[in-house]
Structures are given as structure tokens and as C-alpha cells.
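Student: Please find the sequence and the predicted model below.
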Amino acid sequence: MHKKIVLMGYMGSGKSILGYKIANKLNYKAIDLDAYIENGEKTSIRNLFLLKGEISFRKLEAMYLKEILEKDEDHIVSLGGGTPCYGDNLKFILENPYTISIFLQTGIEELSKRLFKEKEKRLLITHLKTMEELQEFIGKHLFERNFFYNQSQL
């Protein structure tokens with residue numbers, strides 16, 4: 001069976017960029033889960049959320065995650081920020097003997113700097129107007145999600 005390295009962390013933590021860099025060094029295939037879903041569904045994550053709602057999106061996300069982790073190839077997989085927090089996704093990752101999970105922990109200040117520049121592209125934060133609102137939002141979100149992220153193996 002082939003090895004998978006799964007990168008998890010909050011949006012803007014660098015999962016996709018680091019995933020491609022690691023994959024290049026290890027000669028693995030890099031897969032960004034959100035891009036994989038968009039390719040499979042022939043629409044954007046934003047449209048999936050808007051047209052089908054979060055529950056339908058999370059079901060698709062779980063299906064595609066399992067599909068990727070069951071492939072007979074070495075992969076670096078960059079998850080969406082919420083992927084490990086829903087359904088059995090984290091359990092599926094942690095119980096797969098050929099998968100190593102890594103949490104990319106990034107501070108609120110750094111995340112805020114990165115995300116404020118591109119907040120119009122991020123459905124979850126487009127409604128936030130100021131840097132302070134964004135920092136508060138990220139802080140609350142991390143408080144909820146760190147329970148899941150901290151279960152990663154590294």
C-alpha cells in the first residue's frame with residue numbers, strides 16, 4: 001500500500017503551498033482536496049456551499065477524501081480547513097495505517113494578515129469588514145477546531 005501524508009490546519013495556514021513543495025521533494029503526487037472536489041463536481045467550493053448547502057458539501061468532501069486515501073499512489077493531501085472537524089473524516093485519517101497526519105499550526109495574527117488580503121475569495125469570511133473582526137472570528141473558530149487539529153500525529 002502507498003503512503004499518504006495529510007496536512008491539516010486552518011485556512012491560510014499554508015497547507016496547499018507546503019503540500020506541493022513536499023510532494024515535489026518526495027516525488028509524491030500533491031492533491032489539494034478542495035481543488036479535487038471542484039474538479040470532480042465541475043464547480044467551485046463556493047458554488048457548492050451556496051447551491052447545495054454545507055451538509056451536502058461535507059458529504060461530498062468525505063466521499064472524495066476516502067477516494068483519495070484509498071488510491072494506490074503516494075500522496076501529499078492538503079485538506080480543507082474544516083475537513084477533519086466533520087463526520088468521520090478525522091477517524092478515517094487516523095485509523096489508516098498508511099497515512100501520517102500533520103497539523104500546520106499558525107497563529108491568529110499571521111492567519112489574519114494572510115486572510116485579510118484575500119477575504120473576498122473566502123466565503124466564510126467575506127462578511128467581515130475589519131482586521132479586528134477577522135481576528136476575533138479566527139480565534140473563535142480555532143477554539144472550536146483545535147480539538148480536531150491537535151489529534152494529528154505530528
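Tutor: Yes, it's here. Numbers count the residues shown, from 1 in each chain.

Student: use CA for all of it now, contacts and neighbours both
Tutor: Fine.

Student: which other helices and strands contact the helix or strand that contains Val77?
Tutor: Here Val77, judged by DSSP states H and E, is contained in strand 75-78. Under the contact criterion of 3 or more CA pairs under 8 Å, 6 or more residues apart in numbering; DSSP states H and E, strand 75-78 touches strand 4-8, helix 15-26, strand 29-32.

Student: how about the second one: buried residues?
Tutor: Same thing as helix 15-26. Across helix 15-26, burial judged by 16 or more other CA atoms under 10 Å covers Lys15, Ser16, Leu18, Gly19, Tyr20, Ile22, Ala23.

Student: Could I get the residues you listed in JSON lines, plus columns for pLDDT and distance to Val77?
Tutor: Converted to JSON lines, these look like this (pLDDT from 0 to 100; distance: CA to CA, whole Å):
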{"residue": "Lys15", "pLDDT": "95", "distance to Val77": "9"}
{"residue": "Ser16", "pLDDT": "94", "distance to Val77": "8"}
{"residue": "Leu18", "pLDDT": "96", "distance to Val77": "10"}
{"residue": "Gly19", "pLDDT": "96", "distance to Val77": "7"}
{"residue": "Tyr20", "pLDDT": "95", "distance to Val77": "9"}
{"residue": "Ile22", "pLDDT": "94", "distance to Val77": "10"}
{"residue": "Ala23", "pLDDT": "96", "distance to Val77": "9"}
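
Student: of the residues you listed, closest to Asn150?
Tutor: Checking these against Asn150 by CA to CA gives Lys15 as the nearest, at 15.4 Å.

Student: Excluding chain neighbours, what is closest to the closest one?
Tutor: Nearest residue to Lys15, sequence neighbours excluded (CA to CA, 6 or more residues apart in numbering): Ser78, at 5.4 Å.

Student: I'd like to know which of the helices and strands packed on strand 75-78 lies nearest to Arg122.
Tutor: Among the helices and strands packed on strand 75-78, helix 15-26 sits nearest to Arg122 (CA to CA), with 14.9 Å.

Student: Can you report how many residues lie near Glu132?
Tutor: Using other CA atoms under 10 Å, Glu132 has 11 neighbouring residues.

Student: Ignore what I typed, I meant Leu50.
Tutor: Based on other CA under 10 Å, the number of other residues close to Leu50 is 12.

Student: Which positions within the longest helix seen in the chain qualify as buried?
Tutor: What stands out as the longest helix in the chain, according to DSSP state H, is helix 45-69. Across helix 45-69, burial judged by 16+ other CA under 10 Å covers Ile45, Arg46, Leu48, Phe49, Phe57, Arg58, Glu61, Ala62, Tyr64, Leu65, Ile68, Leu69.
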